[in-house]
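Chemist: Sharing a model that was predicted from the sequence below.
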Amino acid sequence: MVKLKRFIANPILSPTKNKWEKDAVFNGCPVEDGNNYHLLYRALERDTTVENQNIVLSTIGYAKSSDGIHFSSRKQLIKPQEQWEKFGCEDPRVTKIDNKFLIFYTAISTFPPNSDSIKVAVAITRDFQKIEERHLVTPFNAKAMALFPDKINGKYAAILTVDTDKPPAKIAVAYFDKLEQLWDSAYWEKWQRSLDDNILPSLRTLDDHVELGAPPVKTADGWLIIYSYIKDYFTSDKIFSIEAALLDINNPLKLIGRSPSPLLIPEIDYETSGLIPDVVFPSGALIKNDELGVYYGASDNYCCLATCNLEDLLKSLRHLEYVSPQTIKTIAIFKKYSDNPIITPIPEHSWESRYTLNPAAIYEANKVHILYRAQGRYNTSVIGYAASLDGVHIEHKSSEPIYEPREKFEQKIYEDSFSGCEDPRLTRLDDKIYMCYTAYDGVNPTRVALTNILATDFVKNNWNWSTPILISPPGVNDKNACILSEKIKGKFVFLHRLKNSIWIDYVDDLDFKNNRWLQGDILFGPNEDSWDSEKIGIGPPPIKTRDGWLLIYHGLSKYDGRYRLGAALLEGDNPSNVIARLNYPILEPIENYEHDGLRPGTVFACGAVLKGDELFIYYGGADQYVCVASAKLDVLLDELEKSRF
C-alpha cells in the first residue's frame, strides 16, 4: 500500500517571534503561481483579549517560495475584521481561478464556539498584497471548503465539509453559475434542502469523523482529494490519519476509489508532541513532476510536507465501481441487495434469538440452499436452513436447526460460554455434499470439523449427516476451511486458516486416520500496509472459472479493526499458485446492518453461488445478520486480470 514519505527537513514552517504567530503555525495550503508558490497557513497567538475574553486567536499567515519547500516573506494576511469572524480565522484553503485567488477559511463568531458560530468565509485577492473582498459563505455549520481550480461542465464547483460540529460530518459538492453565488444565503438555503443529493460518500462508520483536507488536484484519472479521517472521533483514543480519494473528472460526486488504509498517521516527534499531540491534518497538495506533495499540520503546531509517487497512489485508488452520491455509503465491486438483511434473529426461536450470521450456500435442484450459523439464549452455535429460488428472496426457512453439536469436541464445557458448530462451508463432490465448519467447546482452540450428506438427501431436507470428524491438529486454532470441488492430480485440496494466513493442503483421502491432520503450506498472508493487514481467511469455497479458481477471502485491518472482503485468483491446475490478487476490498462494512450487531464493522462471507453470469455472495453482517450481494462474474474476473502478478 502507498504511504506518504515525510520530507527530511520537516517541519517546513515553525512559529517565530512575530506576536501573531509565536505559538503555532500549521495547516498550510499552497498554490502555484508561475514560478512562485504562495502558502496560506493558520497562526496562533495565546492570551489575546477579544470583547473582554481571553482567547487563543487564530489568524491567517502568508509566506512565499520559489520551490514549494523553503518559504520566506512571512506576514499576517487575514485577521478578524467582521462580526462573523471576530473570534478567529482558521485553516485556509486557496484556489486560483479567473486570475483571482479565493481563500476559504473557517470563521468563528462566538466564544466559546459552537455549531451555530462556526462557518465558512472567503477572502479574495489578486496579489496577496490586498484583500479585495471578504464574505461569509455558509449560513450553516461548515468547515474545510475549497474551490475546484477548473469549471466542471461550465460551472464553478466547490467541495466543503458540512456539519463538522454537529456530526456526522459530510463532505459535499456544490455548483455555481457565478462566483457571487458563493456568498448568497438564498442559494445555500436551497442547496441545503437537497443536501443528501450532494454528499460524497466518505464515512466508514458514524463513530468516525471526516474533513476535506487539500483543495482538489486535477489528474489524468480524475480529481484527487486528500482528506482527514479520524477514527473513533468521539473517544479519547481517536486516531488522526490522512487518506485520499479519486473522483470522476466530470462528476465529482462519483467516487472512483479511496484509500483502503491511511497514507499517514502520527508517528514522528513533531506529530506526536505539540499543542495538540498525535495530530496529522492535511491542508494542501501540489503535483511536481511525478510526485504528489501533501502539506499537513502536525500536532497543531507546525507546517509539514510528505510526498509519494503520484502514479502509485492513483493506481491504488482505481476501484471498479462508482459510488452513489445519495447517501454516506460506499459500494465496492459487489452490489448489496436493497432489502438486506435476508435473515435476521427470531426472538421466538430460542436457537436463533440472538444472532444469525456467516451463511454457507450451494446451488442444487434449481435452488439456492443457505446454511447459516445461529445462536440463541445459551450462546451455542447451531446451523439453520433457508432456500431461495432467485438468490435473494427466502421461500422457505427451517423452524429448527438442521445441524447441532453432537460430538464432545463441539459441546460446551462451561455453561453460557460460546461453543458449537460455527461458520459452515459447503462443497459438492460426486454424490455427496461436504461441510467444513469450526468446532468449538468454549475452552480449547477452535478446530476444523468435516461431515457429509448425500446430495439427494440434502435437496429433500432429509438431514442425514455423517458423524463429524476433526481434521485439524489439536492445540492449534484452525478455522475457515473448505474442500475444492475437484481433485487436483488425484488429491483432495483443502484451504484453511492457521495463525493469520490462508493455507493449502493436498490429501489422498478424507478419512484423516492415524493422526493425519490438515497442515500444508501458506497460500498467502496479510498485506502489512493495507485493508487486510491483520489476518485473512477464506470466504466461500473457491469457484472454478475460465481464468482459474476464484477465491473470495476476508481480511481484518489492524488500522480500523474492520472485516472486509477481497478477491484472488488461483491457477486452475495448480491452486498453490496465486496468479492475481486485488489490492482493494470488493465489499466493505458500510450499512447499519453491518455495524449494529455483535461485532460492528464486519462483512464475513462463507457462501457463494453462480447463477448464469451473476455471482451471489452470502455474508454475515456485524456477526448478527445474513446478507447477500451480487456482481457480474466477468467484471470481477476482468479486474483480477489487470492485477495478475
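Modeler: Structure's in. What do you need? Computed from a prediction, not measured in an experiment: that's the story for all the values here. Numbering: from 1, shown residues only.

Chemist: For Phe524, give me phi and psi.
Modeler: Taking degrees, to the nearest 10, you get phi -160, psi 160 for the backbone angles of Phe524.

Chemist: tell me which residues form a beta bridge with it?
Modeler: In this structure, Phe524 has beta-bridge partners Ile502, where bridges are defined by DSSP bridges.

Chemist: Please report how far it lies from Asn514.
Modeler: Noted for Phe524: a distance of 30 Å to Asn514, by Cβ to Cβ, to the nearest Å. The C-beta positions use only the backbone N, C-alpha and C, and glycine is treated the same way.

Chemist: more crowded one of these two?
Modeler: Each of Phe524 and Asn514 has its neighbours counted (other Cβ atoms under 10 Å); Phe524 has more, 17 against 5.

Chemist: And the pLDDT for that one?
Modeler: Here, the pLDDT recorded for Phe524 equals 97.

Chemist: can you check Ile331 too?
Modeler: The model's pLDDT for Ile331 equals 38.

Chemist: burial of Ile502, as a residue count?
Modeler: The number of residues packed around Ile502, counting by other Cβ under 10 Å, is 22.

Chemist: From His496, how far out is it?
Modeler: Ile502 is 8 Å from His496, where distance means Cβ to Cβ.

Chemist: Now for those two: what residues contact both?
Modeler: Overlap of the contact sets of Ile502 and His496 (by Cβ atoms under 8 Å, 6 or more residues apart in numbering) consists of Asn480, Ile538.

Chemist: so is Phe111 in a helix, a strand, or just coil?
Modeler: Under the three-state scheme (DSSP: H, G, I helix; E, B strand; the rest coil), Phe111 adopts coil.

Chemist: isn't there a helix covering Lys639?
Modeler: No, residue 639 isn't Lys; it's Glu. Yes: Glu639: assigned to a helix according to three-state DSSP.

Chemist: who does the least confident helix or strand in the chain by mean pLDDT touch, helix- and strand-wise?
Modeler: Of all the helices and strands that make up the chain, the one with the lowest confidence by mean pLDDT, DSSP states H and E is strand 255-258; it has a mean of 79. Counting contacts by 3 or more Cβ pairs under 8 Å, 6 or more residues apart in numbering; DSSP states H and E, the secondary-structure elements packed against strand 255-258 are strand 239-247, helix 310-317.

Chemist: residue contacts, Ile552?
Modeler: Ile538, Gly539, Pro540, Leu565, Gly566, Ala567, Ile586, Ala605, Ala608, Ile617.

Chemist: and the gap between it and Asn583?
Modeler: Using Cβ to Cβ, Ile552 is found at 15 Å from Asn583.

Chemist: Of the contacts of Ile552, which is the nearest to Ile199?
Modeler: If you rank these by distance to Ile199 using Cβ to Cβ, Ile586 comes first, at 22.9 Å.

Chemist: Quick check: closest non-adjacent residue to Arg134.
Modeler: Ala123 (4.4 Å; Cβ to Cβ, 6 or more residues apart in numbering).

Chemist: Can you give me the pLDDT of that neighbour?
Modeler: The per-residue pLDDT reported for Ala123 equals 98.

Chemist: Pull the number of nearby residues for it.
Modeler: 23.

Chemist: what's the domain layout of this protein?
Modeler: Structural domains assigned to the chain are 5-317, 335-642, following automatic domain parsing.

Chemist: What is the nearest of the contacts of Ile552 to Ala24?
Modeler: Closest approach between the contacts of Ile552 and Ala24, by Cβ to Cβ: Gly566, at 41.4 Å.

Chemist: all helices for this protein, in order.
Modeler: All helices of the chain, identified by DSSP state H, fall at 185-193, 269-272, 310-317, 455-459, 633-642.

Chemist: These: which one's closest to Ser417?
Modeler: Across the helices of the chain, Ser417 has its closest neighbour in helix 455-459 (30.8 Å, Cβ to Cβ).

Chemist: so what secondary structure elements neighbour that closest one?
Modeler: With contacts defined as 3+ Cβ pairs under 8 Å, 6+ apart, helix 455-459 has these neighbours: strand 355-364, strand 367-375, strand 432-440.

Chemist: Need those strands in a markdown table (columns: mean pLDDT, mean neighbour count and distance to Lys489).
Modeler: Output for the helices and strands packed on helix 455-459, formatted as a markdown table (pLDDT from 0 to 100; neighbours: other Cβ atoms under 10 Å; distance: least, Cβ to Cβ, whole Å):
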| stretch | mean pLDDT | mean neighbour count | distance to Lys489 |
| --- | --- | --- | --- |
| strand 355-364 | 98 | 25 | 25 |
| strand 367-375 | 98 | 25 | 30 |
| strand 432-440 | 97 | 25 | 19 |
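
Chemist: Save these as TSV, and put in distance to Ser273 too.
Modeler: Rendered in TSV, the data for those read as follows (distance: least, Cβ to Cβ, whole Å):
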stretch	distance to Ser273
strand 355-364	44
strand 367-375	46
strand 432-440	45
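
Chemist: which one of those strands lies closest to Leu255?
Modeler: Proximity to Leu255, assessed across the helices and strands packed on helix 455-459 by Cβ to Cβ, is greatest for strand 355-364 (28.6 Å).

Chemist: Measure how the closest one sits relative to strand 367-375, angle-wise.
Modeler: For strand 355-364 against strand 367-375, the angle between stretch directions is 160 degrees (axes from the mean of the first three to the mean of the last three Cα atoms, to 10 degrees).

Chemist: Name the strands paired with strand 355-364 and say parallel or antiparallel.
Modeler: The partner list of strand 355-364 in its sheet, established with DSSP bridges, is strand 367-375 (antiparallel).

Chemist: next one: the strand it pairs with to chain centre, how far?
Modeler: Counting by Cα atoms, centre = their mean, to the nearest Å, strand 367-375 is centred 28 Å from the centre of its parent chain.

Chemist: which residues does the spatially closest residue to Ser109 that is not a sequence neighbour contact?
Modeler: Excluding its sequence neighbours, the residue lying closest to Ser109 (Cβ to Cβ, 6+ apart) is Ser117, at 4.3 Å. Listed by Cβ under 8 Å, 6+ apart, the contact partners of Ser117 are Phe87, Ile108, Ser109, Thr110.

Chemist: ok, Ser117 to Ile103 distance?
Modeler: With distances defined as Cβ to Cβ, the gap from Ser117 to Ile103 amounts to 20 Å.

Chemist: same question, His38
Modeler: His38 is 10 Å from Ile103, by Cβ to Cβ.

Chemist: The two: which has the busier surroundings?
Modeler: Residue environment comparison for His38 versus Ile103 gives the larger neighbour count to Ile103, 28 against 23, counting by other Cβ under 10 Å.

Chemist: Now do the same contact list for that one.
Modeler: Ile103 makes contact with Leu40, Ile60, Ile78, Pro92, Arg93, Val94, Val122, Ala123, Ile124, Thr125 under the criterion Cβ under 8 Å, 6+ apart.

Chemist: Next one: the closest residue to Ile230 other than its chain neighbours, what pLDDT does it get?
Modeler: Sequence neighbours aside, His209 is the residue nearest to Ile230 in space, at 4.2 Å (criterion: Cβ to Cβ, 6+ apart). pLDDT recorded at His209 is 92.
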